[in-house]
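*Asks:* Below: sequence and its predicted model.
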Amino acid sequence: MSELTLNNGVTIPQLGFGVFQVPPEDTQRIVEDALEAGYRHIDTAAAYRNEAGVGAAIAAAGIPREELFITTKLRNGEQGRAQEAFQNSRKALGLDFVDLYLIHWPVPSQGLFVQAWKEMERLYANKEIRAIGVSNFLADHVDTLLASAEVVPAVNQIELHPSYQQAELSAKCRALGIEVEAYSPLGQGGDLNGRAVTAIAQAHGATTAQVVLAWHLAAGNIVIPKSADSSRMRENLAASSLTLSDDELASITALESGARIGSDPAVASFTQL
């Protein structure tokens, strides 16, 4: 599994496993299946309400902690008490430290994400978090944060898939040394049925999901697909060995349509509580 090196020297598996919308009662079983399939990077969030299941799977799997990379995220309604929220997440996960902690959404209407970042910088300095970053931050949110930050975010996790690529934001982040992590990397399935993707999959004897994931990996994105099916988990993981030609990559890039699926970070203001 290929790894990327973050701006502080910490390495992260480029292909991980996301647990968004995995029911709490199913999380331990599904994450255990993912770990058995070979995933070592698991992405959760306090808002998903399944951190405890992730932690139970980690404990049951018996994989050495240093081989795992665990991400969780700060809920919007807890930006004013980030340190307490982090400790609650860490305890739910049953971990001594978290590899990556993200501000889940900027919620600019609250005006609290800089304050939250300062708390996260302290946790990072105390080595309770190996890397800190953000999620759903647009260019102006990044600029506002960097004006006060001592630590440059290691990652910006954003909605990114062939039909919604956020190319300008991605380029800005990379220029600042911030890795781009793609959520909804398959467009929640909507990007798997296009003619270009289907043709490439047939040419390689691959699944359409593998083709889109290989496109992400070639672009340098960190990517966190989700599946509850163990055979699909393995198929997705095998995308790391699929190499596409420049023309094939370009044909997928040409699918950009500006079709956002999720909320607009400029105005999103839900608390997640």
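*Replies:* Structure's in. What do you need?

*Asks:* which stretch of helix or strand covers the residue nearest to residue 227 when sequence neighbours are not counted?
*Replies:* What sits nearest to residue 227 in space, not counting adjacent residues and going by CB to CB, 6 or more residues apart in numbering, is residue 233, at 5.2 Å. C-beta coordinates here come from the backbone N, C-alpha and C atoms, glycine included. In this structure, residue 233 sits in helix 230-237 according to DSSP states H and E.

*Asks:* And the contacts of that helix?
*Replies:* 1, 15, 17, 33-34, 36-39, 207, 209-210, 213, 225, 227 (CB atoms under 8 Å, 6 or more residues apart in numbering).

*Asks:* who wins for neighbours among these?
*Replies:* Ranked by neighbour count under the definition other CB atoms under 10 Å, those are headed by residue 34 with 29 neighbours.

*Asks:* And the helix holding residue 233, how far out from the chain middle?
*Replies:* 18 Å (CA atoms, centre = their mean, to the nearest Å).

*Asks:* going on from that helix, what's the next piece of helix or strand?
*Replies:* Once the chain leaves helix 230-237, the next helix or strand it forms, by DSSP H and E, is helix 246-253.

*Asks:* pLDDT on that next one, on average?
*Replies:* Averaged across helix 246-253, the pLDDT comes to 98.

*Asks:* list the helices and strands it packs on?
*Replies:* For helix 246-253, the contact count by 3 or more CB pairs under 8 Å, 6 or more residues apart in numbering; DSSP states H and E identifies helix 195-204, helix 208-219 as packing neighbours.

*Asks:* Can you tell me which of those helices is nearest to residue 103?
*Replies:* helix 208-219 (22.5 Å; CB to CB).

*Asks:* counting contacts, what elements does the helix or strand just after the closest one pack onto?
*Replies:* Helices and strands here follow DSSP H and E; after helix 208-219, the next one along the chain is strand 222-223. Counting by 3+ CB pairs under 8 Å, 6+ apart, the packing neighbours recorded for strand 222-223 are strand 179-183, helix 208-219.

*Asks:* Quick one: mean pLDDT over the last one.
*Replies:* When you say that, I think you mean helix 208-219. Mean predicted lDDT for helix 208-219 stands at 98.

*Asks:* likewise stretch 259-273?
*Replies:* What stretch 259-273 shows for mean pLDDT is 97.

*Asks:* I'd like the distance from it to the chain centre, please.
*Replies:* Between the centre of stretch 259-273 and the centre of its chain there are 16 Å (CA atoms, centre = their mean).

*Asks:* picking that back up, mind giving me CSV with the helices and strands packed on helix 246-253 and columns for distance to residue 65?
*Replies:* CSV is the format used below for the helices and strands packed on helix 246-253 (distance: least, CB to CB, whole Å):
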stretch, distance to residue 65
helix 195-204, 36
helix 208-219, 25
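
*Asks:* Quick check: which of those helices is nearest to residue 63?
*Replies:* For the helices and strands packed on helix 246-253, distance to residue 63 was read as CB to CB. The smallest value, 22.6 Å, belongs to helix 208-219.

*Asks:* For the closest one, name the packing helices and strands.
*Replies:* Contact partners of helix 208-219 among helices and strands, from 3+ CB pairs under 8 Å, 6+ apart: helix 195-204, strand 222-223, helix 230-237, helix 246-253.

*Asks:* any idea which of the ones you listed is most buried?
*Replies:* Across these, averaging neighbours per residue (mean count of other CB atoms under 10 Å) puts strand 222-223 on top, at a mean of 28.

*Asks:* From residue 113, how far off is residue 126?
*Replies:* Between residue 126 and residue 113 the distance, using CB to CB, to the nearest Å, works out to 20 Å.

*Asks:* quick one, which of the two is more surrounded?
*Replies:* Applying other CB under 10 Å to residue 126 and residue 113 shows that residue 113 carries more neighbours, namely 23 against 10.

*Asks:* thought that one was touching residue 140?
*Replies:* No - between residue 113 and residue 140 no contact is recorded; they are 11.7 Å apart, counting by CB atoms under 8 Å.

*Asks:* so what's residue 1 scoring on pLDDT?
*Replies:* Reported pLDDT at residue 1 in the predicted model: 77.
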